[in-house]
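Q: no sequence on this one, just coordinates:
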C-alpha cells in the first residue's frame, strides 16, 4: 500500500489547479527550507521567490504569478497558505484518541454528549453541560455546570470554562460575593487554547460565537460576547460585559476594558490597551516599543512630563507669534 | 410550595427598607433591561433612571432619592448593588456538590480538612495542607505541600498554590536552583480565580490576607504579602517579595515589580507598570491608549525621541529668553 | 543523631572558605532579619552591611571584603547568594514523592520514562512522550503526544506542553485549521513554572534549550527556540517562530512578537514589547511607569498628539532660526 498521495489527489482535495505530473507521489509537507524528495512545500510571499530555483521539494504550492515562470510540478492557487493547510490535513492526519471518553474523566449528572465527542483523561464536565457533535476536549479541561459547547470544537488542556465571574459588591470595606448564576455558551467550530479561562455570566450567558479561535492563557470575563470568526492571540485579557464584533483579530497581550464594544472587522495589534469602544473598522494600536535601557529611562521620565512639555511648547508658540506681530508693527 | 420569596422576606434578608406591597412574591433577579413579571431588578446609577418608567420588573431596588419619586414596589437602600447581590444569593442559591471530597481527588498524607470542606474532582492536595471550615475547591485545583487555606474560601479550577518560587543563583553562566522551602498561607473568605498561581515562599510564607479577591490567571510571586480585602483583577502579575496593603484595588494586566511596597487604599488602573513603591493612597496609572495604527506608528517613534525633543524645547526657551533680553536692552 | 551539619561540612559542600569555628553546628538557613541561634544567613549587598553588627545568626555567608572585618564565624565566597542556595540545598532537602509514578497519572502508549522520573497525581502523558532521568513532573501537568523532556527537569503543576500552535489559514472570512504536526523538545536541567504553556511546532520542533528557566503563566508559541540558560519571568508571552539566544534574561509580562530573533546575553526589562529583532547584547526596555491618575490622563492624551507636538517644535525651530538670520542681516 503506497503511503502519501498523488499530486492529482492533492489538487482535488485542496481545490487547486495542477501544473505538471499528476501521478507524482508526495509523502509529506515540509517547509521550503527543508523540503526534499517526496515533499511538497509552498511559497506565498515574493520574499521567498528565490526558492523557486533552489528548492529541492518534489512539488510546490504557488500563486498564479509564480507558477507562470515555474517549470516544475506544482499546485496553483491564489491562497497558497490555505492549500498548504489542506495538504497538511490530508498528508499528516492527526489521530483522534481510540477511546472517546477516557475512564479517568469525570462526567457529572445530566450531561449531554453528542456523537463523536472525545473527552480525554482528567477532564471534569460539570452537571448539565452539553457538548455538540465531534467536539474534542484534550486532557485536564474543566467545564463548570451548564456550559454549552457547539459542534467540532477543540478545547486544549487546562482550559477552564464557566468559573465564576469576578463580581463583588462593596460592603463596608469588605466584598460581598455576587453569585454568578449564568453560564458559558460556545458556538460551533471554536478552538480554545491551553489554560485559557472563560467566566460564566453573572446572569444570562457569556457567548463565544461560531468559528472563534482563542489562543492560550486568554481571559474572557463574565457576560462578554465574542462575534463569529474573531481570533484572539495568547495572553490577551477581555474584561466583563465587552462586546467584540465578527471577524476581528486581536493580537497577543492586549487588555480590553469592561463594558465597551468593538465593531466588526477590527484589528488590534499586540499589547494594546483598549480603554474605549471602537466603532469604525480598522487597525488600532497602543504601547511603546523597546529601546536601549539607558535611553528608555530618560524617555519614560519625559512621558511623565508630557503635558507640561506640551504647555511649554504652546507658550513658546505664543511668544514667537507676539515677536512676529511686534516685528510687523 | 411557592417558589421564590416575598418582598418582605427580601427586605429582611438584605437589610433594606420596604416600600409598597410586602406580600409581593418574587421569583428571580434579572437585569433592568430584561426583568419582567416575578422579577426584581435594581438601578444604582442616574444613567439608568429612565428605567423607573419603562421597566416591567415586579419590583426594584433603588437608592433613596430615586425611591422618593417611584410609585411601584421597591426596596430602598443607599447601596442598591449590595442589595442586588444579597437578593441573588437568596433567590438563586448556588448548590454545593453532594459529595464533599470527590473520589478522584488525591489527598496526600497529614492533610487536615475542616468541617464543610468541599474538594471537587481532580484536585491534588499535597502532604501537610490545612483547609479551614467550609472552603470549596473546584475541580482540578492543585495545592503543593504545606499550603494553608482559611475558612469559607473559594478556589477555582486550575489554580496552583505553593509551586516553587522563581529563585535561582547565577553560577558561572548557569542557574543554581534555590530550594523553595516556605509555603503559602491564605486567610479567611478569600476567592482565587481559575488558573491563578501563587508561589510558595523561598523561606517563611507567601501571605494572602482575609477577604482578598483574586481573579483568573494572576501570578503572585514568592514571599509576597497581600493585605486584607484587597482585590486584584485578571492577568495581573505581582513579582516576589512585594507588600500590598489592605483595601487596595489592582485592575487587570498590571505588572508589579519585586521588593516594593504599596500602602493601603491604593487603586491601580489597568495595564499599569508599578516599578516603585506607592506610599500615598490614591489612584495610579500608566500605559498608553489605542489610536489608529498609522498615527500610533508615528507617535511611538516620537516616544523614543522624547528626551531629545524635551532638550530641543529647552534650547528654544533659552534662545527666546535671550531674544527678549536683547530686545529689552 | 545530631540534626543539621557543621560549618566545615557547609564549607566543603558549598566550596567556600571557612573563617572561625569549623565544628559549629548549624540547623537551618534563615533570612538576615530573622536568623538566630543555630541559623546561618548571608549578606551579599553593602546595603545590609549593618547586619554584621546586629545579626544574631550563628554564622554568616559573606563576600571577602565584609569577612575581613567580621569577628564571628563565617563562610567566605565572592558569590554569597550561590553559597546560600547551596546551604539551603544541604540543610533543607526537599523530599521527592515516595511513589515515582502516581497511580492517578495517565500514561499513554509508547511512553519512555527514564530512571528516577517522578510523575505526580493527575498528570497526563501523551503517547510517544520521552522523559529523561530524574525529571520531576508535579501534579496535573499535561504533555501532549511526542513531547520530549531532558534530564533533571522540573515541571510545575498545570503546565501544558505540546498543545496545538495557533495556526489558521484565512479561508473566505473563516479560519482553516493548520494541523500542528510537530512537537516540543525540552533540554536538560530545565524548570517550567505552573500553568505555563509551550505549543508544539506546526512542523519540526519547538525547542527549549538546556538549563532554561521559565516562570509561571508563560506562553511559548509554536516553532520558537529558546537558547541554553535563558531565564524568563512570569506572564511573558513569546509568539511563534521566535529565536531567543543563550543566557538571556527576559523579565515579567514582556511580549515578544513573532518571527524575530534576539541574540545571546540580552536583558529585557519588565512589560517590554519586543517588536523587532535584537542583534546586540545589552539591556532593553519599553513601557511607561505609574504616576497619579489625574496627571496620567493628561500625559496619555499628549502621547496621542506626540508626532504633532514634534512637528510644532520643528516649526518653532525654523521660525527662530529665521529670526536669528534676519537679526544678523
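A: Sure thing, it's come through. As the structure is a prediction and not an experimental result, all values here were calculated from the model.
Q: Contacts only, for residue A:136.
A: Contacts for residue A:136 (Cβ atoms under 8 Å, 6 or more residues apart in numbering or on different chains) come out as A:96, A:117, A:118, A:120, A:153, A:154, A:155. C-betas here are computed from N, CA, C, even on glycine.
Q: Now flag whichever of those is closest to residue A:61.
A: residue A:154 (24.7 Å; Cβ to Cβ).
Q: Torsion angles phi and psi at the closest one?
A: The phi and psi torsions at residue A:154 (degrees, to the nearest 10) take the values phi -130, psi 120.
Q: was I right about it contacting residue A:131?
A: No - Residue A:154 lies out of contact with residue A:131 (Cβ atoms under 8 Å); the separation is 11.8 Å.
Q: follow-up on the earlier one: when you check chain C, which of the contacts of residue A:136 turn up near it?
A: A:120, A:154 (Cβ under 8 Å from any Cβ of the partner chain).
Q: which of residue A:154 and residue A:131 has more neighbours?
A: Comparing residue A:154 with residue A:131 by other Cβ atoms under 10 Å in any protein chain shown, the one with more neighbours is residue A:131, at 27 against 19.
Q: which SS class is residue A:128?
A: Using DSSP: H, G, I helix; E, B strand; the rest coil, the structure places residue A:128 in coil.
Q: Please parse chain A into its domains.
A: Domain assignment for chain A, taken from automatic domain parsing, gives A:5-91, A:106-284, A:293-327.
Q: Could you pull up the mean pLDDT of the last one?
A: Pointing back at domain A:293-327 there. For domain A:293-327, the mean pLDDT works out to 92.
Q: Same question for the longest one.
A: For domain A:106-284, the mean pLDDT works out to 98.
Q: what's near enough to touch residue A:41?
A: If you count contacts by Cβ under 8 Å, 6+ apart, then residue A:41 has A:29, A:30, A:31, A:32, A:35, A:51, A:55, A:57, A:59, A:60, A:61, A:84 around it.
Q: And residue A:11, by the same measure?
A: So residue A:11 contacts A:17, A:18, A:22, A:75 (Cβ under 8 Å, 6+ apart).
Q: redo that, cut-off 7 Å
A: Contacts for residue A:11 (Cβ atoms under 7 Å, 6 or more residues apart in numbering or on different chains) come out as A:17, A:18, A:75.
Q: Return the member of the residues you listed nearest to chain C.
A: residue A:75 (14.2 Å; Cβ to the nearest Cβ).
Q: did I read that right, that closest one in a strand?
A: Yes - under three-state DSSP, residue A:75 falls within a strand.
Q: what about the closest residue to it other than its chain neighbours, neighbour count?
A: Distances taken as Cβ to Cβ, 6 or more residues apart in numbering or on different chains put residue A:16 closest to residue A:75, at 4.1 Å, once the chain neighbours are dropped. Other residues near residue A:16 come to 24 when the count uses other Cβ under 10 Å.
Q: neighbours around the nearest residue to residue A:17 once chain neighbours are set aside, how many?
A: Leaving aside its chain neighbours, residue A:17 sits nearest to residue A:76 (4.3 Å; criterion: Cβ to Cβ, 6+ apart). A total of 22 residues lie near residue A:76 under the criterion other Cβ under 10 Å.
Q: looking at the sheet around residue A:76, what are its partners?
A: Beta-bridge partners recorded for residue A:76 (DSSP bridges): residue A:17, residue A:62.
Q: give the contact list for it.
A: Counting by Cβ under 7 Å, 6+ apart, residue A:76 has contacts A:16, A:17, A:19, A:62, A:64, A:67.
Q: which one among those residues gets closest to chain C?
A: residue A:16 (12.8 Å).
Q: hang on, that closest one packs against residue A:82?
A: No - here residue A:16 does not reach residue A:82: they are 9.0 Å apart, not a contact under Cβ atoms under 7 Å.
Q: Residue A:44 sits in which helix or strand?
A: Assigned by DSSP states H and E, residue A:44 belongs to no helix or strand.
Q: residues near it, how many?
A: Neighbour tally, residue A:44, other Cβ under 10 Å: 20.
Q: Quick check, pLDDT for it.
A: 89.
Q: distance of residue A:218 from chain C?
A: Distance, residue A:218 to chain C, by Cβ to the nearest Cβ, to the nearest Å: 10 Å.
Q: That residue and residue A:196 touch, don't they?
A: Yes - using Cβ under 7 Å, residue A:218 is in contact with residue A:196, at 4.4 Å.
Q: And for residue A:246, the neighbour number?
A: Neighbours around residue A:246, by other Cβ under 10 Å: 18.
Q: show me the contacts for it.
A: Per Cβ under 7 Å, 6+ apart, neighbours of residue A:246: A:209, A:227, A:228, A:229, A:230, A:264.
Q: Just the closest of these to residue A:253, please.
A: Among those, and counting by Cβ to Cβ, the member closest to residue A:253 is residue A:230, at 16.7 Å.
Q: if we can go back for a sec, filter the contacts of residue A:41 down to just the buried residues.
A: Those of the contacts of residue A:41 that meet the buried threshold are A:29, A:30, A:32, A:35, A:51, A:55, A:57, A:59, A:60, A:61, A:84, by 16 or more other Cβ atoms under 10 Å in any protein chain shown.
Q: Okay, and which of those residues map to helices?
A: Among the buried ones among the contacts of residue A:41, the members falling in helices (DSSP state H) are A:51, A:84.
Q: Within reach of chain C, which of the buried ones among the contacts of residue A:41 are there?
A: residue A:30 (Cβ under 7 Å from any Cβ of the partner chain).
Q: could you dump the buried ones among the contacts of residue A:41 to a markdown table with distance to residue C:270 and pLDDT?
A: Shown next, in a markdown table, are these (distance: Cβ to Cβ, whole Å; pLDDT from 0 to 100):
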| residue | distance to residue C:270 | pLDDT |
| --- | --- | --- |
| A:29 | 39 | 96 |
| A:30 | 39 | 93 |
| A:32 | 37 | 92 |
| A:35 | 40 | 94 |
| A:51 | 40 | 93 |
| A:55 | 42 | 93 |
| A:57 | 43 | 96 |
| A:59 | 47 | 98 |
| A:60 | 44 | 97 |
| A:61 | 42 | 98 |
| A:84 | 38 | 97 |
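Q: what's the farthest-apart pair in the buried ones among the contacts of residue A:41?
A: Checking the buried ones among the contacts of residue A:41 with Cβ to Cβ, the most distant pair is A:29 and A:51, at 14.8 Å.
Q: tally of neighbours for residue A:112?
A: Using other Cβ under 10 Å: residue A:112 sits among 12 other residues.
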